[in-house]
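Student: Model the following, please.
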Amino acid sequence: MTAREGLAFETAIESDCAPLAAPVLDLIEAGIAVHCLRDLTRGGLASALVEVAAAARLAVSLEEQSIPVVRRG
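Tutor: A predicted model of the protein is given here:
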């Protein structure tokens, strides 16, 4: 679309996607039974849990203090 419209960007566009095969295999090899994986990048933890709960016709309750948060960079 940018080429068609003659637009330019000041920096290169980089994807925020990453392959998940290695981390998922690590979970499986650690003996963790993987039933569902959700990307929390857009929408966050609460949105993903609401979607899963709605699909299962269940309710969800979160205790903020019990959610580990790791800051990087």
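
Student: pretty sure residue 60 contacts residue 51?
Tutor: No: Residue 60 lies out of contact with residue 51 (Cβ atoms under 8 Å); the separation is 9.8 Å. C-betas here are computed from N, CA, C, even on glycine.

Student: Verify the stated contact: residue 36 with residue 53.
Tutor: No: at 11.3 Å, residue 36 does not count as touching residue 53 under the criterion of Cβ under 8 Å.

Student: what stretches of this protein score poorly on pLDDT?
Tutor: Applying pLDDT under 70 to the chain picks out residues 1-2, 73.

Student: Any idea which residue is closest to the centre of it?
Tutor: With the centre of the chain defined as its mean C-alpha position, the nearest residue by Cα atoms, centre = their mean is residue 39, 1.7 Å away.

Student: List the contacts of that residue.
Tutor: Neighbouring residues of residue 39 by Cβ atoms under 8 Å, 6 or more residues apart in numbering: residue 48.

Student: what do you get for residue 52?
Tutor: Contacts of residue 52 by Cβ under 8 Å, 6+ apart are 36, 38, 60.

Student: What's the local residue count around the first one?
Tutor: A count of nearby residues for residue 36, using other Cβ atoms under 10 Å, gives 8.

Student: Now do the SS call for residue 62.
Tutor: Classification of residue 62 by DSSP: H, G, I helix; E, B strand; the rest coil places it in coil.

Student: All the helices of this structure, residue numbers only.
Tutor: 2-5, 21-29, 44-55 (DSSP state H).
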